[in-house]
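> Sequence first, predicted model second:
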Amino acid sequence: MLSLGLAGCDNAEPDLPRVTTSTDASPSTTAEVTESPDTAPATSAAPTTYTLPDLPDYALEITPEDSWIRTEPAPGTLTFTGQRNIKVISIHAVEELAGTAQEEVPEDVAAFLQEQRPDIVISDPVSITQSGLPAQRFRITMAEGQAPADLWTVVDGSGYKPLDTEPMEVVMIRSDAGLLMLWTEWSSRNQDATLAAFDQALQRITIG
C-alpha cells in the first residue's frame, strides 16, 4: 500500500479473512426428487461493477473477482486486495503528477518522471494498449539512499508516495476525463503472485 503523503501510513495490514469452501461430497440418496413445473430455474446475480467514487465524468468500470476485497475507499480511487493481502490493483484519477497538473504531463510519462524526480528509478517502460486506448507501463523503485516523497495527488484527494522498499508496477493511461494511474506494489516474497493478479485485473477494466 502506498503511504498517504499527508497523513502517512505503513504497509502493515491485518490478515484479511479467507473464504473456504468445503470439498466434502454430499451424502448420496436414493429418493426421487420431482421438480415442480412451476419452479423457476435459479439465476445467478449479475457481477458487481465499480466506478471511481465521486467522479461521474470518468467513464471507467472494473468488475472484480468474487474473492477480491475492496479496501481504502476514497474519492477518485479504487483498490482491491486478494488473498495473503496481495494488492491486486489500485486505480487513481490523477490530478497532479511530480508537481505538474495532469493535463500538462507529456505522453511519455516514464521519461517525464525520470527527468522530474531523480529520487526514483523508472525501469522497463513499454507502450501498451489498455481498454483500446494507448497507454504506458513501467516500474518505479526508490533510488538508493532516497526517502519517499509525494509523487502524485488524486483528484480532490491526498498526496501519495511510493514505499521505500516495495516496487510499483504502473500503467498510465489518458482517458477523455484525464490521466488515470493503474498500479500495484509488492514485497519480494509475493512479486509473482501480485503481478499475475495485476495482469488479470487489467483485463477486467473498461474505459470509455
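Great, that's in hand.
> what are the ranges of the helices in this structure?
Using DSSP state H, the helices of the chain run over 109-116, 191-202.
> tell me what the first one is packed against?
Spelled out, it's helix 109-116. In terms of contacts (3 or more CB pairs under 8 Å, 6 or more residues apart in numbering; DSSP states H and E), helix 109-116 is packed against strand 87-97, strand 120-130, strand 133-142. (Each C-beta comes from the backbone N, C-alpha and C, glycine too.)
> Please export the C-alpha coordinates of that helix as CSV.
This file holds the C-alpha atoms of helix 109-116, laid out as CSV (Å, rounded to 0.1, in the frame of the first residue of the first chain):
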residue,chain,number,x,y,z
VAL,A,109,5.1,9.7,-18.7
ALA,A,110,8.1,7.4,-17.8
ALA,A,111,10.6,9.8,-19.3
PHE,A,112,8.9,12.8,-17.7
LEU,A,113,9.0,11.2,-14.2
GLN,A,114,12.7,10.2,-14.6
GLU,A,115,13.6,13.7,-15.5
GLN,A,116,11.5,15.4,-12.8
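> that older thread, mind putting the helices of the chain in JSON lines, distance to residue 124 included?
As requested, the helices of the chain are arranged in JSON lines below (distance: least, CB to CB, whole Å):
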{"stretch": "helix 109-116", "distance to residue 124": "9"}
{"stretch": "helix 191-202", "distance to residue 124": "12"}
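> what's next to stretch 140-148, contact-wise?
Outside stretch 140-148, the residues that touch it by CB atoms under 8 Å, 6 or more residues apart in numbering are 3, 113, 118-123, 151, 161-165, 167-168, 170.
> Pull out the buried residues from the residues you listed.
For the contacts of stretch 140-148, a neighbour count by 16 or more other CB atoms under 10 Å gives the buried set as 3, 113, 120-122, 151, 161-163, 167-168, 170.
> In a markdown table, list these along with distance to residue 55 and pLDDT.
Formatted as a markdown table, those follow (distance: CB to CB, whole Å; pLDDT from 0 to 100):
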| residue | distance to residue 55 | pLDDT |
| --- | --- | --- |
| 3 | 23 | 45 |
| 113 | 23 | 98 |
| 120 | 26 | 98 |
| 121 | 31 | 98 |
| 122 | 27 | 98 |
| 151 | 20 | 98 |
| 161 | 22 | 96 |
| 162 | 23 | 96 |
| 163 | 25 | 94 |
| 167 | 28 | 97 |
| 168 | 22 | 98 |
| 170 | 20 | 98 |
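> Look up the pLDDT of the residue lying closest to residue 96 once chain neighbours are set aside for me, please.
Of all residues not flanking residue 96 in the chain, residue 153 sits nearest, at 4.6 Å (CB to CB, 6 or more residues apart in numbering). Per-residue confidence at residue 153 stands at 97 (pLDDT).
> if I look at residue 153, how far off is residue 168?
To residue 168, residue 153 is 16 Å away according to CB to CB, to the nearest Å.
> ditto for residue 186
Using CB to CB, residue 186 is found at 9 Å from residue 168.
> Could you list the low-pLDDT ranges of this structure?
Scanning the chain for pLDDT under 70 picks out 1-46.
> Would you map the strands across it?
With strands called from DSSP state E, the chain shows them at 3-4, 60-62, 69-74, 77-81, 87-97, 100-101, 120-130, 133-142, 152-154, 159-161, 168-175, 178-185, 205-207.
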